[in-house]
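> What would the 3D arrangement of this be:
(chains A and B)
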2 protein chains.
Amino acid sequence: MEIKVLKDILSANDQIAERNRALLLAKKVTVLNVMSSPGSGKTSLILETIRALKGRVRIAVIEGDIASTIDAQKVGQEKVPVVQINTGGECHLEAGQVGRALDSLPLDQTDLVLIENVGNLVCPGEFRLGEDKKVVILSVPEGDDKVHKYPLLFTMADAVVITKIDLLPYTRFDVPAFLQAIGGMNPQARVFQVSCTSGEGLGEWVEWVTSVIRK
Amino acid sequence: MEIKVLKDILSANDQIAERNRALLLAKKVTVLNVMSSPGSGKTSLILETIRALKGRVRIAVIEGDIASTIDAQKVGQEKVPVVQINTGGECHLEAGQVGRALDSLPLDQTDLVLIENVGNLVCPGEFRLGEDKKVVILSVPEGDDKVHKYPLLFTMADAVVITKIDLLPYTRFDVPAFLQAIGGMNPQARVFQVSCTSGEGLGEWVEWVTSVIRK
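Next comes the predicted model:
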């Protein structure tokens, strides 16, 4: 009984996700769904991506948070269109929320929408939003074993970004072990190693983002 | 309709949580429910607590994970009874899972059960397990703004532990701002600042744990 209800919710979500996709295809807008634990550096990576692509790619941002507008304010300072979704307790974004956010964005003047999902390494994986690519971030201080403990998102990811690599000297994060684990679980995923503090690795990441934008 | 089903699940969970509590009171066992994002250092704090209290307090551990037995293996090396719960995708522990785990622990020879919840700063807050105290961990690299963005767990916490304080020099974590935010939101919460790498602050934390154990 409970399972049935859950299925119905998911398939309703998938239907709306398909509607979002149709709209985005018509408008030639590419969408990345950026997911990670709280505090892994989603906002920092989005800010650096906006700065790197300024003048070349027209970016808009959808900020998903349980509460607060902290991230939307940070992104707004970069003078890009931004919509804040407050889920009011829910631990993930759903396609309907994203659909309403898309309606309030200037899609005709947008090439790329970056969706910052709610900070959660589990639940967002179950809800398609209509995105083109799923980006999963893991920060160095979280530890390389997280790929085994939270496999769902890593299995689905089109790109995995290891952030905060400037902290590698102060932690026990084992980069080769992590790369091997991802390679075994999801060999198609592109893996990036970046630091938004030092700027290391951002060029390669931005190049990938550019390569997936719909022409 | 969906909301009604959710309410029923929650109240069923609460009933089982009450049953867990009655058992634990009868057995004079104290339970801490340890919650945080993935990679904040729940397992490390539990390991240090076991080591500090060895020979004084009889500890058992319930390890909640979506997949893998990595943490249970680490804890088992400390020669304490440990039960692994694999939620198989679910983003939080529920009271029924904990009840079954308690049944397989030697409660007559146990003073304190440490429950490591699934790594998630959102969903575990909605499910009572029968615990005496809720402990919420935030690690320095996650950033001090998380208290505003994920308020539920911080509002419910009996103790908030800032971990990885050895990384303070390499991050922008603002301790006074964090303390002020917690103080405004949940003035009853005890706040600890620890590093499991350097050992700093562990004494005060362990003293608090000892003080809440049922005599």
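
> what's the spacing between the most centrally placed residue in chain A and A:K74?
The residue lying closest to the centre of chain A (Cα atoms, centre = their mean) is A:V34, at 0.3 Å. A:V34 sits at a distance of 14 Å from A:K74 (criterion: Cβ to Cβ, to the nearest Å). Where C-beta positions appear, they are placed from N, C-alpha and C, glycine not excepted.

> now A:T43
For A:T43 relative to A:K74 (Cβ to Cβ), the value is 6 Å.

> So which of the two has more stuff around it?
Between A:T43 and A:K74, A:T43 has the larger neighbour count (other Cβ atoms under 10 Å in any protein chain shown), namely 23 against 17.

> Let me see the contact set for the closest residue to that one other than its chain neighbours.
For A:T43, ignoring the flanking residues on the chain, the nearest one in space by Cβ to Cβ, 6 or more residues apart in numbering or on different chains is A:D71 at 4.7 Å. Contact analysis of A:D71 by Cβ atoms under 8 Å, 6 or more residues apart in numbering or on different chains lists A:T43, A:E63, A:D65, A:Q84, A:E116, B:K149.

> So is the helix or strand hosting the fourth one next to chain B?
Element membership for A:Q84, per DSSP states H and E: strand A:82-86. No - for strand A:82-86 and chain B, the contact criterion (Cβ under 8 Å from any Cβ of the partner chain) is not met; the two come no nearer than 10.1 Å.

> Just give me how far the helix or strand just after that strand sits from the chain centre.
Sequence order places helix A:95-103 as the next helix or strand after strand A:82-86, per DSSP H and E. Offset of helix A:95-103 from its chain centre (Cα atoms, centre = their mean, to the nearest Å): 16 Å.

> Please identify the buried residues of helix A:95-103?
A:A95, A:G96, A:Q97, A:V98, A:G99, A:A101, A:L102 (16 or more other Cβ atoms under 10 Å in any protein chain shown).

> quick one on the thing from earlier: in the sheet, who's paired with the residue nearest to the centre of chain A?
A:E116, A:V135 (DSSP bridges).

> Need the per-residue pLDDT for it.
Predicted confidence (pLDDT) for A:V34: 98.

> A:G89 now?
pLDDT, A:G89: 88.

> ok, for it, nearest residue in space, not its chain neighbours?
A:I66 (6.1 Å).

> what about that neighbour, neighbour count?
23.

> Hmm, B:Y150 and it touching each other?
Yes - the criterion here is Cβ atoms under 8 Å, and A:I66 meets it with B:Y150 at 5.9 Å.

> Need the residues touching each of these two.
B:V122.

> how far does the one helix or strand A:E207 maps to sit from the chain's center?
According to DSSP H and E, A:E207 maps onto helix A:202-212. Here helix A:202-212 is found 14 Å from its chain centre; the criterion is Cα atoms, centre = their mean.

> With only the CA atoms kept, save that helix in CSV.
Output of helix A:202-212 as CSV, limited to C-alpha atoms (Å, rounded to 0.1, in the frame of the first residue of the first chain):
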residue,chain,number,x,y,z
LEU,A,202,38.3,24.4,-12.7
GLY,A,203,39.4,24.8,-16.4
GLU,A,204,38.8,21.1,-17.2
TRP,A,205,35.4,21.2,-15.4
VAL,A,206,34.3,24.4,-17.3
GLU,A,207,35.4,22.8,-20.6
TRP,A,208,33.2,19.8,-19.9
VAL,A,209,30.2,22.1,-19.0
THR,A,210,30.7,24.0,-22.3
SER,A,211,30.9,20.7,-24.2
VAL,A,212,27.5,19.5,-23.0
